[in-house]
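# Coordinates for the following, if possible.
(chains A and B)
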Amino acid sequence: MDAEKTLIINTADRTILRYLYRSFGIPLSLFQLHNDYRFSPGQLGSFVAKLGEIGIIDLHNEYISLTDLGKKWLISHRNKIFYSHVQYDWREIPKEMRKREIDIDSLYLPKKSSLGKHFLEDV
Amino acid sequence: MEIQISPKSVPKSPRLIDQQVFTRLRTLFTEKNWLVDLEENFIEMWNLCSDGHQQDLVEELIRRFSYITSRDVRLNGEMITDHITTQWEVDPDRALIIAFADSDKPDGSQALLQSIKDKFALKDKWSPKIFVNKLTAGAYKLKSGDTAILIDDFVGTGNTARNRINWLVNTLQKRHVTEYKIFVVALAMMESAKTVLDSLPIEDYFACLWLRRGISDEYKGDQLSVRTQSMIELEQLLGVSFKRHNLAMYHFGFGHSEALFSLEAQNTPNNVFPIFWWPVLNSGKKRNTMFRHFLG
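Here you go, the predicted structure:
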């Protein structure tokens, strides 16, 4: 593997790698992955190109499998690949939509006006 | 190898694809990695195809398409710089590298000029003063004994190059500049432009990429007729006009160039088959095209 290169793993790649690890030794059909999980030809085409090039996966007759090297690589990089916190744009709450956070250990006093009429009855 | 986790991914398929088509497209995406970022646009174009011949044509054109990424621009910039400094042995004190642009509008030639500028930083004797971003300015900077190296990102029919070089020669004549040399360099040129360039009063020309016409230079006999017919049928699906432009002007690309070339994140030349960039369908609906050419 070229040490200077950066391998970009996206969320689709991560999911496909997980399926490959679970079914280690049993090749997965690329069309089946499309059929079952709606991975697009582009997602699967790009996955095969970048991970096949460095020997992580094998492609044979439209079936892919994790190689022995691939399994070792996946285990040694599992933290980075599967447990990295991914900063999704859509998860970020815009600043103008956030309210002031209450201090730790401070009492929370709700606004009476925003409580329902029967709030206390339901408690 | 460093691993980077990206939150971005190509969107999943909105619908299931037939197995045979899926395999065909998947293979294409594996071989042409640049296509992955344009997947939705490509699929939209693919879906315009109503028969196998049209699909075959689109697939073959994509396989032959020269899509130049920013990394390729850097590598080709180094090739251009080496050619100017070593092959042409231009005197650095008597040379001007001039963009082909002839107006105040931004132009691909200026972008290429800017991208090769830093390559000259490593060459002794070359000064930043030699770069001129407009032909109309360069024509008045050239003196007798100077060498003009005209630079463009793409030469299609060669007609624009001919008109501008003729204008340059006339201007130099009017200024009584008699002894000069002109060289032309481009990132990509159509092979069909060679005839035009050979007839011009220039010393030499160089291109990093030589492009053949997408259909006429690639097929013969029956296959040529079938592929030509398929492209005509695909073009019939496009709107006949957009703004004040008629599609007929761009039939098989401007000047019938049949070009298959685009630079990443830049205005695609109008010499490219319009199926790749014409913005509307004949129903009036806007297209999500693979490439963009700005029609004013």
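# shaky segments in chain A?
For chain A, residues meeting the criterion pLDDT under 70 lie at A:1-4, A:122-123.
# any idea where the helices of it begin and end?
All helices of chain A, identified by DSSP state H, fall at A:11-22, A:30-37, A:41-53, A:68-76, A:78-83, A:119-122.
# With B:Gly138 as the reference, name the closest of these.
helix A:41-53 (43.1 Å; Cβ to Cβ). From N, CA and C alone the C-beta is placed, and that goes for glycine too.
# Convert the C-alpha atoms of stretch B:9-23 to PDB, please.
Provided in PDB are the C-alpha atoms of stretch B:9-23 (Å, rounded to 0.1, in the frame of the first residue of the first chain):
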ATOM      1  CA  SER B   9     -21.400   9.700   0.000                       C
ATOM      2  CA  VAL B  10     -22.900   9.400  -3.400                       C
ATOM      3  CA  PRO B  11     -26.700   9.200  -3.000                       C
ATOM      4  CA  LYS B  12     -28.300   5.700  -3.100                       C
ATOM      5  CA  SER B  13     -30.200   4.600  -6.100                       C
ATOM      6  CA  PRO B  14     -33.700   6.100  -6.100                       C
ATOM      7  CA  ARG B  15     -34.900   2.900  -8.000                       C
ATOM      8  CA  LEU B  16     -33.800  -0.600  -8.700                       C
ATOM      9  CA  ILE B  17     -31.900  -1.100 -11.900                       C
ATOM     10  CA  ASP B  18     -32.100  -4.100 -14.200                       C
ATOM     11  CA  GLN B  19     -29.100  -6.500 -13.500                       C
ATOM     12  CA  GLN B  20     -27.500  -6.300 -16.900                       C
ATOM     13  CA  VAL B  21     -27.700  -2.500 -16.900                       C
ATOM     14  CA  PHE B  22     -26.500  -2.400 -13.300                       C
ATOM     15  CA  THR B  23     -23.400  -4.500 -14.200                       C
END
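# Contacts for that stretch, please.
With contacts defined as Cβ atoms under 8 Å, 6 or more residues apart in numbering or on different chains, stretch B:9-23 is touched by A:10-13, A:30-31, A:34-35, A:37-43, A:46, A:62, B:25, B:36-37, B:39-40, B:55.
# just to revisit the earlier point, so which of the helices of chain A is nearest B:Ile215?
Judging these by Cβ to Cβ, what sits closest to B:Ile215 is helix A:41-53, at 24.9 Å.
# quick check: angle from the closest one to helix A:11-22?
60 degrees (axes from the mean of the first three to the mean of the last three Cα atoms, to 10 degrees).
# Just to be sure, B:Thr160 is in a helix?
Yes. Judged by DSSP: H, G, I helix; E, B strand; the rest coil, B:Thr160 forms part of a helix.
# How much space separates it from chain A?
According to Cβ to the nearest Cβ, to the nearest Å, B:Thr160 and chain A sit 35 Å apart.
# one step back: and the contacts of stretch B:9-23, which are buried?
A:10, A:12-13, A:30-31, A:34, A:39-43, A:46, A:62, B:25, B:36, B:39, B:55 (16 or more other Cβ atoms under 10 Å in any protein chain shown).
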